[in-house]
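Peer 1: predicted model and sequence follow; I will ask about them next.
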Amino acid sequence: DRTPIIAPSILAADFSRLADEVAAIELTADWVHVDVMDNHFVPNLTIGLPVVQSLRKATNVPLDVHLMITDPERWAPGYAEAGAYNVTFHAEACENPAALAKTLRAAGSKAGLAIDRDTPVEPYLEFLPYIDTLLIMTIKAGFGGQAFMPEMLGKVRDVRRRIRAKGLEVRLEVDGGIAADTIAEAAEAGADAFVAGTAVYGASDPAEAVRRLRALAAP
Ligand code: DX5
Ligand code: ZN
């Protein structure tokens, strides 16, 4: 199933009104993307487990948790136990991605592997059979509002080719600078899940922004 997934990132939302911000896109979005940063893996600090636990009670939209943290083996399973739909950890921070993916699935979530801007994807293609989502950063992880990097689409094409060749069901997600003027080329390259922070929450009508992105993401 290649139906596009649109995942607004609450990093660009108003953190003092999170439940309302999520409610605003509840009927049009597929997942809500939650960016967890620890000020170690990336030079920025955001939110963590308590917010995911609270959001889980506030909405039925599947939570797509993106962990930009060191030591994901220690922290990631807690997010699965908190009811996250998908928990994505970074390849650069993990010794054994297949083992952590297995742990996450056992804890009740899908498992995602993320590849940052400066990381080649080839060494990680072998893990595709063990994961549900592969996230290709189209910026350097750490901050919202950065410009989309079309140079990353080569990785997206490589991964899509491998997923197709092996007949796998892995979602191929892109994150960073996804907006009305970039989503079509990412879809064209083979992405089928799209994170958008600024393009959704920076819009005057976030729900309409999601609908617009969806229309542009059809392959
Ligand atoms: C950045 C985060 C992204 C961020 C994207 O490291 O992983 O999810 O929210 O924000 P935009 O869509 O503004 O690039
Ligand atoms: Zn993210």
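Peer 2: Perfect, thanks for sending it. Ligands and ions are numbered 1, 2, ... in the order given.
Peer 1: now do the contacts for the residue of the chain found nearest ligand 2.
Peer 2: At 3.7 Å from ligand 2, residue 66 is the closest residue in the chain, using Cβ to the ion. All C-beta atoms are positioned from the backbone trio N, CA, C, and that covers glycine. Contacts here follow Cβ atoms under 8 Å, 6 or more residues apart in numbering; on that basis residue 66 touches 33-36, 88, 112, 114, 135, 175, 195.
Peer 1: assumed residue 112 was part of a strand.
Peer 2: Yes - under the criterion used here (DSSP: H, G, I helix; E, B strand; the rest coil), residue 112 sits inside a strand.
Peer 1: distance of it relative to ligand 1?
Peer 2: For residue 112, the distance to ligand 1 (Cβ to the nearest ligand atom, to the nearest Å) stands at 12 Å.
Peer 1: residue 122 too?
Peer 2: 22 Å.
Peer 1: so that residue sits against residue 162, correct?
Peer 2: No - with contacts counted by Cβ atoms under 8 Å, residue 122 stays clear of residue 162, the gap being 9.5 Å.
Peer 1: what about these two, which has more around it?
Peer 2: When residue 122 is set against residue 162 and neighbours are counted by other Cβ atoms under 10 Å, the residue ahead is residue 162, at 18 against 11.
Peer 1: enumerate the residues of the protein near ligand 1.
Peer 2: Counting by Cβ under 6 Å from any ligand atom, the chain comes close to ligand 1 at 9, 11-12, 33, 35, 66, 139, 141-146, 175-178, 195-199.
Peer 1: which of those residues fall in helices?
Peer 2: Applying DSSP state H to these, the entries found in helices are 198-199.
Peer 1: confidence score at residue 219?
Peer 2: The predicted structure scores residue 219 at 66 on the pLDDT scale.
Peer 1: residue 205 too?
Peer 2: At residue 205, the model reports a pLDDT of 98.
Peer 1: for ligand 1, see how far away it is.
Peer 2: Distance from residue 205 to ligand 1, counting by Cβ to the nearest ligand atom: 17 Å.
Peer 1: neighbours of that residue, how many?
Peer 2: 11.
Peer 1: okay, strands next: where are they in the protein?
Peer 2: Taking DSSP state E as the criterion, the chain carries its strands at 5-8, 32-37, 63-68, 86-90, 110-115, 133-137, 171-175, 193-196.
Peer 1: for residue 97, which non-adjacent residue is spatially closest?
Peer 2: Nearest residue to residue 97 in three dimensions, chain neighbours excluded: residue 127, at 4.8 Å (Cβ to Cβ, 6 or more residues apart in numbering).
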